[in-house]
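**Student:** Model the structure of this input:
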Amino acid sequence: MIPAIEALKRLQDGNSRFVSGVRSIDTLMSQMRRDDLLTGQTPFAIILGCSDSRAPAELIFDQGLGDLFVIRVAGNVVAPSQVGSVEFAADRFGTRLVVVMGHSMCGAILATLEQLQEPSKNQSHNQLSIVDRVRPSVEPLLATELKNDHNELVKQAIRANIRASANHLRHGSQLLEQLIAKGELLVVGAEYSLETGVVTFFDGMPDTE
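**Tutor:** Residues are numbered from 1 along each chain as shown. Next comes the predicted model:
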């Protein structure tokens, strides 16, 4: 399995191709690998991303079949099933990199802010469960001057939620904690811009100097 730093570079290079409107030959030909993948998989990165139809990790990072282990849930929140999925890939396949990827204009963040500012009783229990997981990272921002600047509030709330999810993975699982302590797993946070196509890695990034 490739090291986390190399995996991170591979994602960054793939995103650069995506932004430029270029696809690698390897990605285009990856469908030819279906038979090779029947006996197993070795994804080089785990992506915990949002379910938003505009943010598919495989396209954003220009990767093909068998390259990424992708977990998608509205708001890129972390619940036991998401933790277990990350554990499964890290333990079973030896994948060394986890990326928690949120995105601009995230509907789950907007819904949480709306619920906090103007509570609605019409939300289903299941939708509220997502809001409740986003709430702890977003609610403190409403006690600051950001409450007077909606656009900046949304921007900061998205990043706060990404940080919270990444931190949950780092400290909410004994298995993942042990892998991180041994230097066998890296968890980073990133934000995908719907406007530009660029993925910005900003949380938990290693010092490569």
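
**Student:** CA atoms for contacts and neighbours, from now on please.
**Tutor:** Will do.

**Student:** quick one, helices of the protein?
**Tutor:** 4-20, 25-28, 57-60, 80-92, 107-117, 125-138, 150-171, 174-181 (DSSP state H).

**Student:** ranking those by mean pLDDT, which is last?
**Tutor:** Looking at the helices of the chain, the lowest mean pLDDT belongs to helix 25-28 (a mean of 81).

**Student:** so which of the helices of the chain gets nearest residue 144?
**Tutor:** Between residue 144 and those, the shortest gap by C-alpha to C-alpha is with helix 150-171, which sits at 9.4 Å.

**Student:** right, so of the helices of the chain, which gets closest to residue 207?
**Tutor:** helix 4-20 (10.1 Å).

**Student:** just to revisit the earlier point, quick one: the helices of the chain as JSON lines, columns for distance to residue 187 and mean neighbour count too.
**Tutor:** Output for these, formatted as JSON lines (distance: least, C-alpha to C-alpha, whole Å; neighbours: other C-alpha atoms under 10 Å):
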{"stretch": "helix 4-20", "distance to residue 187": "9", "mean neighbour count": "18"}
{"stretch": "helix 25-28", "distance to residue 187": "24", "mean neighbour count": "13"}
{"stretch": "helix 57-60", "distance to residue 187": "16", "mean neighbour count": "19"}
{"stretch": "helix 80-92", "distance to residue 187": "10", "mean neighbour count": "17"}
{"stretch": "helix 107-117", "distance to residue 187": "21", "mean neighbour count": "18"}
{"stretch": "helix 125-138", "distance to residue 187": "18", "mean neighbour count": "17"}
{"stretch": "helix 150-171", "distance to residue 187": "6", "mean neighbour count": "20"}
{"stretch": "helix 174-181", "distance to residue 187": "8", "mean neighbour count": "16"}
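
**Student:** Present those helices as a markdown table; the columns should include distance to residue 196.
**Tutor:** As requested, those are exported to a markdown table (distance: least, C-alpha to C-alpha, whole Å):
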| stretch | distance to residue 196 |
| --- | --- |
| helix 4-20 | 7 |
| helix 25-28 | 21 |
| helix 57-60 | 11 |
| helix 80-92 | 28 |
| helix 107-117 | 18 |
| helix 125-138 | 24 |
| helix 150-171 | 15 |
| helix 174-181 | 32 |
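
**Student:** Thanks again, I'm all set now.
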